[in-house]
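In: quick one: sequence plus predicted model below, questions after.
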Amino acid sequence: MSSTRQNTPSGGGIGPSEAGFDPSTVPVYPVVRIRLEPEPGAVDGTARGLVDGTVVAVSSDLADVRAQLIREVARKAALRPGRAIRAKGEDLSGAVWEMVVTDDGQTYDATALRSPRKTGRPRRAVLIAAAGLALTVAVALVAVVLILQRPAPSETAAPAPPAPVATELPVAGPAGWSRVATWSAPVEGNGPNPTSQVAADGLRVFAPGKDSVSAYSAATGARLWSAGIDGTAQTGPAVTRVNGAPAVVAASSSEIQAWDPATGRSLLTAKLPSSSARVRVTPTGPMVTDDNGGQHVLVVQGQNLVARVLPSGATPLFPTADGALMAAAAPGQLWRITSDSVAGNPIPVQAPAGMTFSAVAGATERAVVLAYAPPGAPSGTVVLRAFPSSGGDALWTSTPVPQAQAATGATSALVPAAPSGHWGVYGTSIVDLDLGKTASLPNGWQTSVVGDEVAFGTVDGVAVAATPAGLTPASKQALAAGASGTAATVPGTPGAVWGTAAYLVARDGTAEHLYAVPAAGVPATSTGGR
């Protein structure tokens, strides 16, 4: 009843079959059910064993059924870096008990582990079966938690594991994406809730830790570099540009920093002007605004933050590579601002005939998207119109769409755009930013991240995905089936995406880990290194 041991977990530590293994260190979430029951219609005492509702064994030999059940549980344990999993069993009489199962099929009685005063080694569990019609068996709900040691922030790279280790997600991931991550890596949490802000550039994935930002290989999860920050990251890390060069930016409550994505070399370290300063990262660079309504926006120029005056009522859009600030305001005007005292003359843009300016919808480096209220349209409906960032004739005008609501503290409902700038999401509408075509998303859609090929969000507590054409078929099926209890309470919504690979941070027991999640059916080697 043993299984072949697979790769050693990247986090190191003592494996289940090694001396010193303590089953009480295996946390109790998540949980999978295993069960033994009579085979329907059988009169010879044939039984079947189920794991998570799936039949894995049918036989009149109860010992064989039990052995196959444990093998299946051990296979699940082998997917966990801790190589051990909790199980809860129920027999035909309704009796329930708990156990810990390791990847080599060893079982431990876990009932006694409920008591925090228990200090002795738990005794081995004994699977019970009665002959004939009195069928009994140890059957289990299986819960697994990663047992990885968390590295302290460091300016040097940690040793890379020889190969990525497949890891089962501890949360309900997006519909249509694998429940087994290509790899996982431990990150230092910032508090009781998992960190969601991660970023990716195809070769690397960036995640915050406690007083640090680290880069990981998108192919293997190996930590490439780590750099300290002054306090906990409040913004980022985010992939952007600084002075026109690729950069990773993060900000604490007191300072903003930028690093070279490949090497971790510092590109910028600057103090924020006040505790009310707020950092927003755009694809072309970071901007620093004041939550108290100040008229200046700070952008990067060289090694410094420089002020640009904001016209009254205007919305800052993005900085340019040479340190200018693009802004927009009613009744439909753009600015390119290079001074801390004079905004200069606005660049007028033409509204659609008969329509009035409503709000700034969003911007990419190539285009600014404004929202207009069409006459006679239902309340809460707008038409989007895009203009070149330098001003001029409209690039396109959309059909009417539901108006997006600005997030709390935001100055406008900004379009989360793909890194390429070719498409984005405005409220519950997908927008082709080249042609202006739109597609609808379900009511209640909340955007998490938009990539070049796929966007992730949540609807009624279910993590779902969409492409430029609309909601994916798997997501439609998940919403039609309704949110499961697990999905509603612990959704695993990605914080970054590159190609079809999704990256998220989730809590597994007492630790947080970064997971690389491929689309279902996509080979593991396709999740990174593009």
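Out: Perfect, thanks for sending it.
In: CA only for contacts and neighbour counts going forward, please
Out: Noted.
In: can you map out the strands along the stretch 301-450 of the chain?
Out: Ranges of strands within the stretch 301-450 of the chain are 304-309, 315-319, 325-329, 333-337, 347-348, 356-363, 367-373, 381-388, 396-397, 401-402, 423-426, 429-432, 438-440, 446-450, based on DSSP state E, counting those that start in this stretch.
In: paired strands for the fourth one, with orientation please.
Out: It refers to strand 333-337. strand 325-329 (antiparallel), strand 347-348 (antiparallel) (DSSP bridges).
In: quick check: which of these is buried the most?
Out: strand 325-329 (a mean of 24; mean count of other C-alpha atoms under 10 Å).
In: now the strands paired with strand 333-337 as JSON lines including distance to residue 417 and mean pLDDT?
Out: Listed next are the strands paired with strand 333-337 as JSON lines, based on distance: least, C-alpha to C-alpha, whole Å; pLDDT from 0 to 100:
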{"stretch": "strand 325-329", "distance to residue 417": "17", "mean pLDDT": "90"}
{"stretch": "strand 347-348", "distance to residue 417": "24", "mean pLDDT": "88"}
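In: could you export those as a markdown table, including distance to residue 451?
Out: Compiled in a markdown table, those are given as follows (distance: least, C-alpha to C-alpha, whole Å):
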| stretch | distance to residue 451 |
| --- | --- |
| strand 325-329 | 24 |
| strand 347-348 | 31 |
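In: closest to residue 108 out of those?
Out: strand 325-329 (63.2 Å; C-alpha to C-alpha).
In: run through who's touching that closest one.
Out: Strand 325-329 is touched from outside by 299, 308, 310, 313-320, 334-338, 359-360, 389, with contacts defined as C-alpha atoms under 8 Å, 6 or more residues apart in numbering.
In: at 7 Å instead, please
Out: With contact meaning C-alpha atoms under 7 Å, 6 or more residues apart in numbering, strand 325-329 is reached by 308, 313-319, 334-338, 360.
In: mind listing what residue 179 touches?
Out: 168-169, 173.
In: most neighbours, which of those?
Out: residue 169 (28 neighbours; other C-alpha atoms under 10 Å).
In: quick check: pLDDT value at it.
Out: Per-residue pLDDT puts residue 169 at 87.
In: that older thread, and the contacts of strand 325-329, which of them are buried?
Out: The neighbour count (16 or more other C-alpha atoms under 10 Å) marks 308, 314-319, 334-338, 360 as buried among the contacts of strand 325-329.
In: output the residues you listed as a markdown table; include the columns pLDDT.
Out: Listed next are the buried ones among the contacts of strand 325-329 as a markdown table, based on pLDDT from 0 to 100:
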| residue | pLDDT |
| --- | --- |
| 308 | 95 |
| 314 | 88 |
| 315 | 88 |
| 316 | 90 |
| 317 | 90 |
| 318 | 90 |
| 319 | 91 |
| 334 | 92 |
| 335 | 92 |
| 336 | 93 |
| 337 | 93 |
| 338 | 94 |
| 360 | 88 |
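In: need the max-distance pair from those.
Out: 338 and 360 (20.8 Å).
In: next one: residue 466 relative to residue 440, how far apart?
Out: 10 Å (C-alpha to C-alpha, to the nearest Å).
In: with residue 85 instead?
Out: 42 Å.
In: of those two, which one has the most company?
Out: Comparing residue 85 with residue 440 by neighbour count (other C-alpha under 10 Å), the higher total belongs to residue 85, at 34 against 17.
In: measure that one to residue 215 for me?
Out: 29 Å.
In: same question, residue 105
Out: For residue 105, the distance to residue 215 - C-alpha to C-alpha - is 36 Å.
In: go on, residue 282?
Out: Distance from residue 282 to residue 215, by C-alpha to C-alpha: 20 Å.
In: so residue 66, which of the three states?
Out: helix (DSSP: H, G, I helix; E, B strand; the rest coil).
In: neighbour-wise, which of residue 282 and residue 215 wins?
Out: Using other C-alpha under 10 Å as the criterion, residue 282 and residue 215 rank with residue 215 on top: 28 against 20.
In: who does the helix or strand where that one lies touch, helix- and strand-wise?
Out: Element membership for residue 215 (DSSP states H and E) is strand 212-217. Counting contacts by 3 or more C-alpha pairs under 7 Å, 6 or more residues apart in numbering; DSSP states H and E, strand 212-217 is packed against strand 204-209, strand 223-228.
In: within the sheet, what are the partner strands of the helix or strand residue 463 falls within, with directions?
Out: Under the criterion of DSSP H and E, residue 463 resides in strand 462-467. Using DSSP bridges, the strands paired with strand 462-467 are strand 455-459 (antiparallel), strand 470-471 (antiparallel).
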